[in-house]
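Participant: sequence and predicted model, in that order:
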Number of protein chains: 2
Amino acid sequence: MRQRLSVETYAKGVLSGDRTTLSRAITIIESSLAEDRTLASQILQNILPHTGNSIRIGITGVPGVGKSTFIEAFGSYLTSLGKRVAVLAVDPSSKQSGGSILGDKTRMEKLARDPNAYIRPSPTNLSLGGVARHTREAILLCEAAGYDIILVETVGVGQSETLVKGMTDFFLLLMLAGAGDELQGIKKGIMEMVDAVAVNKADSGNEGAVAQAVSEYRQALHLFPETASKVPVQVVACSALEGTGMQPIWKLISDYHAQTSEGGFLQHNRQFQRVDWLREQIRQSLEDRFYENAEVKKYIASADQAVRSGEKLPDEAAADLINLFLSSEQPSKFSAKS
Amino acid sequence: MRQRLSVETYAKGVLSGDRTTLSRAITIIESSLAEDRTLASQILQNILPHTGNSIRIGITGVPGVGKSTFIEAFGSYLTSLGKRVAVLAVDPSSKQSGGSILGDKTRMEKLARDPNAYIRPSPTNLSLGGVARHTREAILLCEAAGYDIILVETVGVGQSETLVKGMTDFFLLLMLAGAGDELQGIKKGIMEMVDAVAVNKADSGNEGAVAQAVSEYRQALHLFPETASKVPVQVVACSALEGTGMQPIWKLISDYHAQTSEGGFLQHNRQFQRVDWLREQIRQSLEDRFYENAEVKKYIASADQAVRSGEKLPDEAAADLINLFLSSEQPSKFSAKS
């Protein structure tokens, strides 16, 4: 399991679309070992010129809305059109449960057997920020491996949907008919992020409730400010279970993609996302370096104690620890390039 | 305006309860000038042994719920009991508006003229994190100046109430009768933070709606997990306009304070808050030092450009900038104490 290949072998394998190598490369980027981080960085650098050619679609919705069933149906529809589809997940709960929303792929049995689909469960035992970084990197690897469409699944409760919004081109919210927003636990603010709403479970016999929900969401969306892309937010019905409504959803996403590519918003948005990612990476790395520093490790418990007891101000304790950190970081470590 | 006094003059003035010196000391802690930060740190260090003796009360509620009127009525009730009351504000919108929720104190005319009350508007032109730090420090100064009760006002929309929760002993949510939670714009999660709910505008003629709201909130609160303090969350009615309901609110807060002091939760919670503040301070200071670093300033625009265009990975750009930062920080700057 711990065996590593050369950078070239990983890069070549990924670029040739080899699924086993792709999986092994994703395992490398998910690793927190220092050697693996270096290797990951080199692999990514190698494949970077071959990335960016997919449509990145974020899919959110509360548990019970039928996300897995939807992805199975939508993914299968896309592969039937000749597309290659990769499915990734950002699952904030996987840390606790040790599992993943995509679990053992049994929830997407058909898609998991499809040679033109690639399903990768959410990495476990990582912070939300960690999951976000690894998912961004996994998107690049999947693109280099020739996947045309990347579906990034997330549960719509918490901060994960902001992160997924920040790494995708199009953000789709799945909703149910007949359950109030309140019941669906959709957090405020999410409606302002979405590019389309799909009312799921438009199954036979449920058409009335779905039609009403579609009309309600359409009306509600009039109250929101225009999206950054200036493309109006669409509301459609679908039945993931019966596989209906997939064509209209794909049409609106591909229209969106064509329109925003032509107008430049797509590129502009991706540029913005990359700089945002840099800022987040700086914040995260600064904290990692700080808390891993030997001197900081030595003195942080006593600083905590002095602050906890109220004998020292947090401001002063922080300044002391930061000076300790900055003065003890070995200059030999630096390899900065201008 | 820019004249500064000695550390001893500030500390002595604050400890003697002199309002003018208190205001000037708060101005120092709000300043972002390096000399002022040093001075602020010294003043705080001097007064630190005289802090912690107040009841810190956070008050939140959406605009329109009557927060200012409530604070005017509640503050006046407290001073009538012989208490000395300080009012601070955490206002995330002040950055944009350049103003403050407390404005020119005209919204609390009576309290502003009360010799036993001290009102300090929210600092302007600061980030939310900055406002939070300065408010925490202003609490300490007000305590040193002999205020028994500190009221920290915030609008209940966004992240500010989490920050205020993190610096107070008791968190009071003001609500209205007859407006659904949805309408009131109270964000999900806030109910789990509160120690009491006061249904305001129980004005003459409105008693029925208020009684119903009180009963509804009581029922709703049964669905929430027990609070960390294990003290049950109370729901009461009040009319800030007519000044009714102030006594029961004060009774429940002072009972809460007595109970949590005796049981040790109050002290435990404050210790936790201080360590939390240290972590936040470390995060903030690391970023400040980084972005103020001359080498970082020199190269960040080109790093942004390389990342924006997609020619460099955020991971690598961040690592380069951080190495540049760590290797260029002058060792002479350090004055760390073990």
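Facilitator: Looks like it came in fine.

Participant: wait, what's in contact with residue A:137?
Facilitator: By CB atoms under 8 Å, 6 or more residues apart in numbering or on different chains, the residues touching residue A:137 are A:29, A:40, A:44, B:315. Heads up, the C-betas are built off the backbone N, CA and C, glycines and all.

Participant: which of those fall within helices?
Facilitator: Residues of those located in helices (DSSP state H): A:29, A:40, A:44, B:315.

Participant: which one of the residues you listed is nearest to residue A:243?
Facilitator: residue A:29 (33.5 Å; CB to CB).

Participant: gap between that closest one and chain B?
Facilitator: With distances taken as CB to the nearest CB, to the nearest Å, residue A:29 is found 10 Å from chain B.

Participant: and what of residue A:69?
Facilitator: The value you get for residue A:69 to chain B, if CB to the nearest CB is used, is 26 Å.

Participant: please apply the same query to residue A:288.
Facilitator: 10 Å.

Participant: for that residue, give me the pLDDT.
Facilitator: Predicted confidence (pLDDT) for residue A:288: 90.

Participant: so which strand or helix has it?
Facilitator: Here residue A:288, judged by DSSP states H and E, is contained in helix A:265-292.

Participant: which of the residues in that helix are classified as buried?
Facilitator: A:265-266, A:269-271, A:273-275, A:277-278, A:280-287, A:289-290 (16 or more other CB atoms under 10 Å in any protein chain shown).

Participant: and for stretch A:147-165?
Facilitator: A:147-157, A:160-161, A:163-165.

Participant: how about stretch A:247-254?
Facilitator: Within stretch A:247-254, the residues scored as buried using 16+ other CB under 10 Å are A:249-250, A:252-253.

Participant: domains for chain A, by residue range?
Facilitator: As assigned by the TED database, chain A contains the domains A:1-50, A:51-262, A:278-328.

Participant: and those, which one averages the lowest pLDDT?
Facilitator: Mean pLDDT is lowest for domain A:51-262 out of the domains of chain A, coming in at a mean of 84.

Participant: tell me how far the ends of it are from each other?
Facilitator: Separation of the first and last residues of domain A:51-262 by CA to CA, to the nearest Å is 19 Å.

Participant: helix or strand: which one has the most centrally placed residue in chain A?
Facilitator: Nearest to the geometric centre of chain A sits residue A:164, at 4.0 Å (CA atoms, centre = their mean). Element membership for residue A:164 (DSSP H and E) is helix A:160-165.

Participant: anything in that helix near chain B?
Facilitator: No: counting by CB under 8 Å from any CB of the partner chain, chain B has no neighbours in helix A:160-165; the shortest distance is 12.7 Å.

Participant: elements contacting that helix?
Facilitator: strand A:55-61, strand A:85-90, helix A:128-144, strand A:149-155, strand A:170-176 (3 or more CB pairs under 8 Å, 6 or more residues apart in numbering or on different chains; DSSP states H and E).

Participant: deepest-packed of these, please.
Facilitator: Compared across those, strand A:85-90 shows the largest average neighbour count, a mean of 27 (mean count of other CB atoms under 10 Å in any protein chain shown).

Participant: the inter-axis angle of that one versus strand A:149-155?
Facilitator: 30 degrees (axes from the mean of the first three to the mean of the last three CA atoms, to 10 degrees).

Participant: strands paired with strand A:85-90, and their directions?
Facilitator: Applying DSSP bridges, strand A:85-90 is found paired with strand A:117-119 (parallel), strand A:149-155 (parallel).

Participant: the ones you listed: which one's closest to residue B:60?
Facilitator: Closest of the strands paired with strand A:85-90 to residue B:60 is strand A:149-155, at 27.5 Å (criterion: CB to CB).

Participant: thought residue A:328 was touching residue A:294?
Facilitator: Yes: contact status for residue A:328 versus residue A:294: in contact at 7.1 Å, counting by CB atoms under 8 Å.

Participant: how far away from the center of its chain is stretch A:202-211?
Facilitator: Distance of stretch A:202-211 from the chain centroid (CA atoms, centre = their mean, to the nearest Å) equals 31 Å.

Participant: next: stretch A:239-250.
Facilitator: Worked out by CA atoms, centre = their mean, stretch A:239-250 lies 23 Å from the chain centre.

Participant: from the rest of the structure, what touches it?
Facilitator: A:66, A:69-70, A:72-74, A:76-78, A:81, A:172, A:196, A:198, A:200-204, A:236-238.

Participant: skipping adjacent residues, who's closest to residue A:231 in space?
Facilitator: residue A:256 (5.6 Å; CB to CB, 6 or more residues apart in numbering or on different chains).

Participant: the host helix or strand of that neighbour vs strand A:149-155, what angle?
Facilitator: Using DSSP H and E, residue A:256 maps to helix A:246-263. With the same axes, to 10 degrees defining the directions, helix A:246-263 sits at 110 degrees from strand A:149-155.

Participant: report the inter-axis angle for helix A:246-263 versus strand A:170-176.
Facilitator: Calculated by the same axes, to 10 degrees, helix A:246-263 forms an angle of 150 degrees with strand A:170-176.

Participant: now helix A:246-263: how far from the chain's centre is it?
Facilitator: That offset, for helix A:246-263, works out to 20 Å (CA atoms, centre = their mean).

Participant: for stretch A:209-223, same thing?
Facilitator: How far stretch A:209-223 lies from its chain's middle: 27 Å, per CA atoms, centre = their mean.

Participant: stretch A:68-87 now?
Facilitator: Stretch A:68-87 sits 17 Å away from the centroid of its parent chain (CA atoms, centre = their mean).
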